[in-house]
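No letters, just coordinates:
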């Protein structure tokens with residue numbers, strides 16, 4: 001049996017190393033995972049209570065239209081229920097957009113380096129890829145707009161960008177959108193939206209009225225702490241959402257995810273607390289990196305990409321041996337760097353103490 005040749009050209013996604021694997025490999029009893037940009041503070045108690053209330057209903061299929069979540073989220077965002085689209089994480093929505101718009105004879109424009117699934121989905125659908133290098137770690141929107149041609153169907157913009165954590169500003173995005181043809185779909189991936197504190201960051205939902213070729217993606221996996229339940233969503237015009245419904249699988253989001261997301265949405269105090277503690281943790285890292293003379297990208301997310309000026313994989317292995325999991329920059333297209341998720345104060349203190357030994361050469 002032989003699958004389609006082009007899918008073999010698509011890289012297999014490599015998640016952060018599992019905690020249990022590291023424990024077994026190094027004989028450790030305690031491991032800190034700061035690799036996958038998960039919320040170290042967990043999820044809202046209200047979300048956990050909502051899950052418990054549904055445990056007697058596990059034999060029933062979920063609401064395929066996510067109606068209750070749809071209504072709650074529409075009210076929260078100030079949009080119509082028909083402007084929302086739900087996926088098994090925003091990753092699935094990336095896949096569905098690619099299935100709906102990309103194919104042989106088309107192309108997608110994206111940054112490099114950015115979230116790897118844009119590239120993978122394009123390869124799977126047989127589309128050509130136009131990759132525009134980041135400029136100082138930020139999307140070069142001017143160059144991306146200039147790269148658009150008659151075959152372009154989709155432009156991917158990760159804002160904040162993963163893995164650099166940087167943002168494009170309101171003025172930069174508005175200037176870009178004015179240049180993009182109305183028949184080209186612009187996907188704004190805002191997975192880290194709730195973490196951003198920079199006032200120059202664009203508020204994109206109101207832009208939908210002027211740019212019907214825009215879709216905004218967000219998720220409950222990051223600051224809401226529901227990564228295990230996989231609820232992502234898209235916001236766009238009703239017409240665009242209606243077209244995407246044709247490629248959505250039935251029952252693609254589960255009941256536990258839906259009820260947890262509804263409850264989490266209503267606990268904005270938890271969201272604010274996580275955002276505030278994340279900025280405090282970010283300052284722990286940047287203060288130390290400044291003291292050590294290390295360069296890093298200014299991040300508006302819950303992770304930081306730092307140049308340790310050492311072989312990325314070697315540093316990664318040294319951290320693993322100390323029970324700390326991060327992401328090697330080699331895997332992300334940033335050799336010499338490490339991407340580190342912001343943890344609790346105690347977790348941050350531990351990794352910074354190990355990094356100091358690595359930077360000074362005390363840890364061999």
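Perfect, thanks for sending it. In this text, all values refer to a predicted model and were calculated from it rather than measured experimentally. Numbering: from 1, shown residues only.

Return the distance of the closest residue to residue 165 other than its chain neighbours relative to residue 210.
Nearest residue to residue 165 in three dimensions, chain neighbours excluded: residue 299, at 2.9 Å (C-beta to C-beta, 6 or more residues apart in numbering). Using the backbone N, CA and C atoms, a C-beta is placed for each residue, glycine as well. Per C-beta to C-beta, to the nearest Å, residue 299 is found 29 Å from residue 210.

just residue 36 next, same as before
35 Å.

Near residue 34, how many other residues are there?
25 (other C-beta atoms under 10 Å).

in the sheet, who's paired with the closest residue to it other than its chain neighbours?
Counting by C-beta to C-beta, 6+ apart, the nearest residue to residue 34 once its immediate chain neighbours are dropped is residue 341, at 4.1 Å. Note on residue 341: beta-bridge partners residue 303, judged by DSSP bridges.

What about residue 341, how many residues nearby?
Residue 341, neighbours per other C-beta under 10 Å, totals 26.

Residue 311 now?
14.

what's the answer for residue 266, then?
Around residue 266 there are 15 residues (other C-beta under 10 Å).

show me the contacts for it.
46, 72 (C-beta atoms under 8 Å, 6 or more residues apart in numbering).

roughly how far out does stretch 47-63 sit from the chain middle?
Distance of stretch 47-63 from the chain centroid (C-alpha atoms, centre = their mean, to the nearest Å) equals 26 Å.

Mind listing what's buried along it?
By neighbour count on 16 or more other C-beta atoms under 10 Å, the buried set for stretch 47-63 is 47, 50, 51, 54, 62, 63.

Okay, now the unreliable bits of this protein?
14, 362-364 (pLDDT under 70).

Domains in it, by residue range?
5-30+269-360, 45-267 (the TED database).

okay, these, which one's buried deepest?
domain 45-267 (a mean of 19; mean count of other C-beta atoms under 10 Å).

Next one: residue 297 relative to residue 167, how far apart?
10 Å.

Isn't residue 282 up against residue 299?
Yes - counting by C-beta atoms under 8 Å, residue 299 is a contact partner of residue 282 at 6.7 Å.

what's the following helix or strand after the lengthiest helix in the chain?
Counting residues, the longest helix found in the chain (DSSP state H) is helix 268-292. Toward the C-terminus, helix 268-292 is succeeded by strand 295-296 as the next helix or strand (DSSP states H and E).

residues in contact with that next one?
285, 286, 289, 304, 305, 306, 307.

Take those residues and write them to TSV, including distance to residue 134.
Listed next are these as TSV, based on distance: C-beta to C-beta, whole Å:
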residue	distance to residue 134
285	21
286	20
289	20
304	16
305	11
306	16
307	14
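
closest to residue 217 among those?
residue 305 (21.2 Å; C-beta to C-beta).

Could you report the separation of that closest one from residue 328?
Computed with C-beta to C-beta, the distance linking residue 305 and residue 328 is 11 Å.

what's the overlap in contacts for the two?
Going by C-beta under 8 Å, 6+ apart, residues that sit against residue 305 and also against residue 328 are residue 338.

got the residue ranges for the strands in the chain?
32-33, 84-87, 107-112, 128-133, 152-158, 185-189, 214-219, 232-235, 295-296, 303-307, 324-325, 327-328, 337-341 (DSSP state E).
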